[in-house]
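Student: sequence first, then the predicted structure:
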Amino acid sequence: MRDLKHLIYFEKLLETTNNELIQQAKAEGKLAIGYTCFHMPEVILNVDRCFPVRLRAPNTGSMDIATYYMSNYTCEYCRALLERAFEGGLNFLDGLAAVDACAQMNRLAENIEIQKLVDKDKFFVTHADIPYKVEPFTIKHYTIQMRNRVLNVLKDTYGVDTSDEALRGAVDLHNQVCGIISEIGELRKADNPVITGYEFHIINLVSYACPKYLLLDKLRETLEELKTREPDPTPRFRARVELIGSEIDDPELTKLIEEAGALVVADRYCFGSTPGREVISLNDTEEVLTQICRHYLEVSECPRYISNEKVAQRRKTVDALAREFKADGIIFEQIKFCDYWGFERALAAYIQEKEYDHPVLSIDRPYMTRASGQLRTRVQAFVESLEIKKINKLKEVV
């Protein structure tokens, strides 16, 4: 297929956390607010002159200092971010919006705060409590937390406008981006898609890692380009897979899977497109913040939620996506030492295979996967098994 016009530019933006669009926004007087978890609604960090930055640590090497403070049995994502903070790589931030959802991310935020790893007078670290169920009283609690621990902190520290009108403006920008990403995602349903999983991963990830208002035009242009893009006459992939699991901010994992012969046609991982890129519908009767918080609690598929209805929701979503995007199999992945996905992956993979009849590959992986020959071999073997299943089905038909 013809190369996408902006793909190399998007890839370059992802080479560093403090990319050129963040630097441009900062030069315009905007405030960069970092966050690490889906439970911190990115849309409220886009209010007024703020913009959200989904924190990453690209090109991570040694994590020795972070390991000293957090031990080598903690999530590599958290340790990579802490190492980057020690290196001074997060000094562009004006604040860090953390949530009490994961103990390991709590330790990350506490280290940044207590050790004063971001050297700015007004830099703040705030923590918000996140409920475990979706009920009217938990939505109220979550809303109060977001108001007191986030919006009021922004208002008191930097004079940010946190009114309903300002929040509606943030939702409007968010919805424009989500609408584009969702429309691009629909193109993956085709038998011979005009976009690869790697390309989609890049496009979606930049929408989390860059100021949205500076990215919007290029995203629109990319969507229009894809509408007229011609796919390869003969698909070069041997199978279609759905990718499920913990956070992936390194597109090299998707590239590794696709180089092994499996086209990633759907995703359900932290900061992926499902959930994450749904349009937020607002009514005119309720407080805007309440509606935002309800949306995030309802669409979240984090394994932190262990209520029966959320467990069922996660299983149904995985099955529905696999069928909707015509996936031949499912890859469940878990970043090493992720507590929640550690127990979710094993059971969910078993359920999808035994109860929903989906071929499944279940893996754990390091934060950076580009050099993992063992992982590549396992994916290649999985692709071959999917091909064998296809051949056997054809024999049964004949």
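Tutor: Right, received. Where do you want to start?
Student: strands of the stretch 101-250 of the chain, residue ranges please.
Tutor: 124-129, 239-245 (DSSP state E, counting those that start in this stretch).
Student: put the alpha carbons of the longest one into PDB.
Tutor: Which is strand 239-245. Coordinates of each C-alpha in strand 239-245 appear next as PDB, following Å, rounded to 0.1, in the frame of the first residue of the first chain:
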ATOM      1  CA  ALA A 239      -4.400 -14.400   9.900                       C
ATOM      2  CA  ARG A 240      -6.500 -11.700  11.700                       C
ATOM      3  CA  VAL A 241      -6.100 -11.300  15.400                       C
ATOM      4  CA  GLU A 242      -7.600  -9.300  18.300                       C
ATOM      5  CA  LEU A 243      -5.100  -7.900  20.800                       C
ATOM      6  CA  ILE A 244      -6.300  -7.800  24.500                       C
ATOM      7  CA  GLY A 245      -4.600  -6.900  27.700                       C
END
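Student: what is the next helix or strand after it packed up against?
Tutor: Next along the chain after strand 239-245, taking DSSP states H and E as the criterion, comes helix 252-259. The contact analysis (3 or more Cβ pairs under 8 Å, 6 or more residues apart in numbering; DSSP states H and E) places helix 252-259 against helix 197-209, strand 239-245, strand 262-269, helix 373-397. For the C-beta atoms, the positions are set from N, CA and C on the backbone; glycine is no exception.
Student: can you put the strands of the stretch 101-250 of the chain in CSV and add mean pLDDT and mean neighbour count?
Tutor: Formatted as CSV, the strands of the stretch 101-250 of the chain follow (pLDDT from 0 to 100; neighbours: other Cβ atoms under 10 Å):
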stretch, mean pLDDT, mean neighbour count
strand 124-129, 96, 19
strand 239-245, 97, 27
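Student: can you list these in JSON lines and add distance to residue 155?
Tutor: Converted to JSON lines, these look like this (distance: least, Cβ to Cβ, whole Å):
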{"stretch": "strand 124-129", "distance to residue 155": "12"}
{"stretch": "strand 239-245", "distance to residue 155": "36"}
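Student: so which of the ones you listed is nearest residue 309?
Tutor: Taking Cβ to Cβ, strand 239-245 is the member of these nearest to residue 309, at 19.0 Å.
Student: so what strands line up beside that closest one?
Tutor: The pairing partners recorded for strand 239-245 under DSSP bridges are strand 262-269 (parallel), strand 329-335 (parallel).
Student: check the offset of the helix or strand following the first one from the chain's centre.
Tutor: Under the assignment DSSP H and E, the closest C-terminal helix or strand after strand 262-269 is helix 288-299. In terms of Cα atoms, centre = their mean, to the nearest Å, the gap separating the centre of helix 288-299 from the centre of its chain is 18 Å.
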